[in-house]
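>>> Okay, predicted coordinates and the sequence, questions at the end:
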Amino acid sequence: MGFGDLKSASGLQLLNAFLASRSYIEGYVPSQADIAVFEAVGAPPPPELFHALRWYNHIKSFDKQKASLPGVKKALGKYGPSDVEDSTGGDSKDDDDIDLFGSDEEEESEEAKRLREERLAQYESKKSKKPALVAKSSLLLDVKPWDDETDMGKLEECVRSIQADGLVWGSSKLVPVGYGIKKLQIQCVVEDDKVGTDMLEERITAFEDYVQSMDVAAFNKI
């Protein structure tokens with residue numbers, strides 16, 4: 001089943017739920033699995049699907065190096081919540097044949113049913129009381145000037161003037177790139193649901209008198 005049609009609302013909702021507890025489609029680093037799903041999505045998910053939107057913006061930042069990401073693309077249906085193998089190594093069963101509560105009876109007794117519903121209610125109650133975790137990432141940005149005559153102090157001042165909820169600027173340094181030109185390398189911490197790399201690139205390159213381009217040099221989940 002996978003995610004189904006990733007251009008539909010239901011497909012995007014499945015993707016959003018799948019990414020609520022994951023950074024990537026498979027494993028702990030971006031791979032060809034992310035590229036396959038990214039290409040199937042085709043456009044940024046709506047803001048309310050913030051897990052999917054955060055993932056989409058992150059994978060988009062790898063556009064120029066997607067061919068070098070690890071892994072081999074599989075059929076789209078191989079990715080997603082239904083791509084789970086039977087860990088027992090035995091024959092797989094239909095969901096209707098699996099007794100999640102260890103009962104050998106085909107029909108539950110009233111007492112067993114009552115206990116099951118109580119336990120489910122307790123579990124849902126505990127889950128609802130857990131504080132929501134704020135997903136954050138640490139970024140290292142490369143901001144390149146037009147030439148060696150660009151005022152790098154003014155360029156950095158422009159970058160740091162960008163303020164947004166969920167964005168904190170960190171340390172910076174100038175790194176030689178050749179021919180007397182230096183790039184600004186600056187760190188920042190962002191809340192994934194509020195600040196994306198696309199937004200940062202758009203606002204930084206808006207200072208077109210100083211900035212030629214911006215690239216994400218490093219991206220780490222916190």
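Nice, I can see it. Not measured: the values here are computed from a predicted model.
>>> can I get the CA coordinates of the helix or strand bottoming out on mean pLDDT in the chain in CSV?
Across the helices and strands of the chain, mean pLDDT, DSSP states H and E gives its lowest value to helix 110-129, namely a mean of 78. Backbone C-alpha positions of helix 110-129 (Å, rounded to 0.1, in the frame of the first residue of the first chain) are rendered in CSV as follows:
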residue,chain,number,x,y,z
GLU,A,110,-17.3,-9.2,28.2
GLU,A,111,-14.7,-9.1,31.0
ALA,A,112,-11.8,-9.3,28.6
LYS,A,113,-13.4,-6.6,26.4
ARG,A,114,-13.8,-4.3,29.4
LEU,A,115,-10.2,-4.8,30.5
ARG,A,116,-8.9,-4.1,27.0
GLU,A,117,-10.9,-0.9,26.6
GLU,A,118,-9.7,0.3,30.1
ARG,A,119,-6.1,-0.3,29.1
LEU,A,120,-6.5,1.5,25.8
ALA,A,121,-8.1,4.4,27.6
GLN,A,122,-5.2,4.5,30.1
TYR,A,123,-2.7,4.4,27.3
GLU,A,124,-4.4,7.2,25.4
SER,A,125,-4.6,9.3,28.6
LYS,A,126,-0.9,8.9,29.3
LYS,A,127,0.0,9.7,25.7
SER,A,128,-2.1,12.9,25.6
LYS,A,129,-0.3,14.2,28.7
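>>> Quick check: what element follows that helix along the chain?
Downstream of helix 110-129, the next assigned helix or strand under DSSP states H and E is strand 136-145.
>>> Surely P44 is within a helix?
No: residue state for P44 (DSSP: H, G, I helix; E, B strand; the rest coil) corresponds to coil; a helix is not indicated.
>>> check which helix or strand covers the closest residue to it other than its chain neighbours.
Closest residue in space to P44, ignoring its immediate chain neighbours: Y56 at 5.5 Å, by C-beta to C-beta, 6 or more residues apart in numbering. Just so you know, the C-beta spots here come from the backbone N, C-alpha and C atoms, and that holds for glycine as well. Following DSSP H and E, one finds Y56 within helix 50-60.
>>> surely Q13 meets E48?
No: with contact defined as C-beta atoms under 8 Å, Q13 does not reach E48; the gap is 9.7 Å.
>>> who's more crowded, those two?
More crowded of Q13 and E48, by other C-beta atoms under 10 Å: Q13, with 16 against 10.
>>> which secondary structure element contains the more buried one?
Here Q13 sits within helix 9-18, counting by DSSP H and E.
>>> Then L174?
L174 belongs to strand 167-178 when assigned by DSSP H and E.
>>> which other helices and strands contact the next helix or strand after that strand?
Moving toward the C-terminus from strand 167-178, the next helix or strand (DSSP H and E) is strand 181-191. Applying 3 or more C-beta pairs under 8 Å, 6 or more residues apart in numbering; DSSP states H and E, one finds that strand 181-191 contacts strand 136-145, helix 152-160, strand 167-178.
>>> Tell me how many other residues crowd R116.
As a burial measure, R116 scores 14 neighbours (other C-beta under 10 Å).
>>> residue contacts, the residue nearest the centre of the chain?
Centroid-nearest residue in the chain, with C-alpha atoms, centre = their mean: W55, separated by 2.6 Å. With contacts defined as C-beta atoms under 8 Å, 6 or more residues apart in numbering, W55 is in contact with 15, 19, 23-24, 34.
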